[in-house]
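1. here is my input, please return the structure:
(one chain, ligands or ions: 2)
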Amino acid sequence: MSDMRLIVAGAAGRMGCAVIELIAKTPGVSLAAALEGPKSPALGQDAGIYAGAGGLGIAISSDPLTAALDADGIIDFSTPHASIELAALAAQARIVHVIGTTGLSAGDREKIAAAANHAAIVQSGNMSLGINLLASLVEKVAQALGPEFDIEIVEMHHRMKVDAPSGTALLLGEAAARGRAVSLAEQSVRSRDGHTGARAEGAIGFATLRGGTVVGDHSVIFAGPGERLELTHKAEDRTIFARGALRAALWARGRKPGLYAMADVLGVK
Ligand SMILES: NC(=O)C1=CN([C@@H]2O[C@H](COP(=O)(O)OP(=O)(O)OC[C@H]3O[C@@H](n4cnc5c(N)ncnc54)[C@H](OP(=O)(O)O)[C@@H]3O)[C@@H](O)[C@H]2O)C=CC1
Ligand SMILES: O=C(O)C1=N[C@H](C(=O)O)C[C@H](O)C1
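-> Ligands and ions are numbered 1, 2, ... in the order given. From the prediction side, this is the model:
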């Protein structure tokens, strides 16, 4: 089979650079285009050089329509606004779309689901093997321990992160809610301040820390009577997310339209 030709969206960002670097050294895939927003200072620069991967002869552009004419898929770590536009484009062009962007609203998710009627879309708040395995453990532990164990999810990320709680924290919260057969929307407590009163029975709490260059730390704490179980993942390098995204793109190639999760790709449901 010919190389899978991939567009990278958010090409000058932290994740875009990690993905381009990985594409440059992975057989079976090639960089078709590198996209940024229309005001990006990186426009026109060689995407490979920008990412530290050496010249690839692909200039960073802000023209997704032209990019989609000769591509098999999009790997997208950008912004919610860009991701929903790219999902519509993937649907039109019938190409794969791997969405790593977080901070998506309920409305954004609806638009992505609609696009997935026409394209194979893999969307996940975390593309790493470790976190997706952790989510499946969290579901099982939440089911086994029952509601006398309080669930709290703590995350820490670098100072530049713009959304909270992280996409991963929400993914882990969904896993805990599934384990307990409750709705996360009804049980989640996203912040506490002042005289909050005692903890609500069955709540799934979130706490957010930001600082320095932390790639991504997540802990799910099950606090019960007289004992506490803590499940933790620490991301040390963005390559783990890039590797997962590339694996997702290759997995989705030739698959029928639909909205898939990383758990489908990794077989860790
Ligand atoms: N699912 C996962 O495994 C992971 C998800 N993420 C998520 O991925 C996203 C990106 O993270 P990160 O790389 O750290 O963030 P960055 O801010 O470094 O990168 C995002 C890039 O997208 C660019 N961008 C803005 N608008 C557009 C557009 N219309 N088209 C294309 N690109 C555009 C931004 O440009 P500008 O700065 O000029 O606005 C920026 O360069 C975040 O939502 C993050 O939470 C991150 C790591 C792993
Ligand atoms: O913004 C980041 O950096 C990360 N975002 C994702 C999230 O919101 O969970 C994944 C990872 O933790 C890094």
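
2. quick check: the residue in the chain positioned nearest to ligand 1 vs Ile75, distance?
-> Nearest residue of the chain to ligand 1 (C-beta to the nearest ligand atom) works out as Gly13 at 2.0 Å. Yep, even glycine has a C-beta here, placed from its N, CA and C like the rest. Going from Gly13 to Ile75 by C-beta to C-beta, to the nearest Å gives 12 Å.

3. so Asp217 sits in a strand?
-> Yes: judged by DSSP: H, G, I helix; E, B strand; the rest coil, Asp217 forms part of a strand.

4. sorry, back to before: out of Gly13 and Ile75, which sits in the busier spot?
-> Taking neighbours as other C-beta atoms under 10 Å, Gly13 and Ile75 compare with Ile75 leading, 30 against 18.

5. quick one: distance of the helix or strand containing the more buried one to the chain centre.
-> If you go by DSSP states H and E, Ile75 is part of strand 73-76. Once both centres are worked out by C-alpha atoms, centre = their mean, to the nearest Å, strand 73-76 turns out to sit 12 Å from its chain's centre.

6. just the helices in this structure please.
-> If DSSP state H is used as the criterion, the helices of the chain fall at 14-24, 47-51, 64-68, 80-93, 106-115, 129-145, 167-180, 184-187, 239-252, 262-266.

7. for those helices, give me CSV that also has mean neighbour count.
-> Shown next, in CSV, are these (neighbours: other C-beta atoms under 10 Å):
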stretch, mean neighbour count
helix 14-24, 23
helix 47-51, 21
helix 64-68, 17
helix 80-93, 20
helix 106-115, 15
helix 129-145, 19
helix 167-180, 23
helix 184-187, 14
helix 239-252, 22
helix 262-266, 20
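
8. make TSV out of those helices and add mean pLDDT and distance to Ala200.
-> TSV is the format used below for those (pLDDT from 0 to 100; distance: least, C-beta to C-beta, whole Å):
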stretch	mean pLDDT	distance to Ala200
helix 14-24	98	36
helix 47-51	98	46
helix 64-68	98	44
helix 80-93	98	29
helix 106-115	98	22
helix 129-145	97	16
helix 167-180	98	14
helix 184-187	97	8
helix 239-252	98	33
helix 262-266	96	29
